[in-house]
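J.: Task: produce atomic coordinates for the following.
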Amino acid sequence: QVQLVESGGGLVQAGGSLKLSCVASGRTFSVYAMAWFRQGPGKEREFVAAISWTGSIIKYADSVKGRFTISRDNAKNTVTLQMNNLNAEDTAVYYCAANSHMRTDDQYDYWGQGTQVTVSS
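T.: Predicted coordinates:
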C-alpha cells in the first residue's frame, strides 16, 4: 500500500503561480511512476502530468505544457507540480497518483485525497 497526501493548493489570481506537493508513505516510493490529475467543476477527471520512477520520462497534457513542471525527489518521497501562469481553466481539485507503470489514463493504483486550486480572474 502507498499513502499519498497532497498539499499546496489555494486561491491565486490569474497569471500567478502555485506549487503542489505530494508526499508518499508506505511501500518504496522510488519504484512507482507518479502523476497529477485534476477535476474541474462539472468536468471529468483529466490527466495533467506524469513522471517515471527514475524521473527520466515526463509527459504533460497539452493544456499545461510550458506552464507546469513535474518533478520528484525519491530521497524525500515527494513529487511536486510547479504551476505557473495559471488561468481560470486550471481551477480544479488536483490529485496525486502512483502506479507501477507510467500512464496517462486514470488507471492508477493509488490516489491522494486531492487539494483544491482556485484561480480568480
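J.: So which bits of stretch 28-37 are buried?
T.: For stretch 28-37, burial by neighbour count (16 or more other C-beta atoms under 10 Å) applies to 29, 32-37. The C-beta positions use only the backbone N, C-alpha and C, and glycine is treated the same way.
J.: Give me the subset of those lying in strands.
T.: Judged by DSSP state E, strands contain the following of these: 33-37.
J.: can you redo the residues you listed as JSON lines with distance to V5 and pLDDT?
T.: Output for those, formatted as JSON lines (distance: C-beta to C-beta, whole Å; pLDDT from 0 to 100):
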{"residue": "A33", "distance to V5": "18", "pLDDT": "95"}
{"residue": "M34", "distance to V5": "13", "pLDDT": "96"}
{"residue": "A35", "distance to V5": "15", "pLDDT": "98"}
{"residue": "W36", "distance to V5": "14", "pLDDT": "98"}
{"residue": "F37", "distance to V5": "15", "pLDDT": "98"}
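J.: any idea which of the residues you listed is closest to Q3?
T.: M34 (13.3 Å; C-beta to C-beta).
J.: all strands for the protein, in order.
T.: 2-7, 10-13, 18-26, 33-39, 46-51, 58-60, 68-73, 78-83, 92-99, 110-111, 115-120.
J.: So which residue is dead centre in this structure?
T.: The residue lying closest to the centre of the chain (C-alpha atoms, centre = their mean) is W36, at 2.5 Å.
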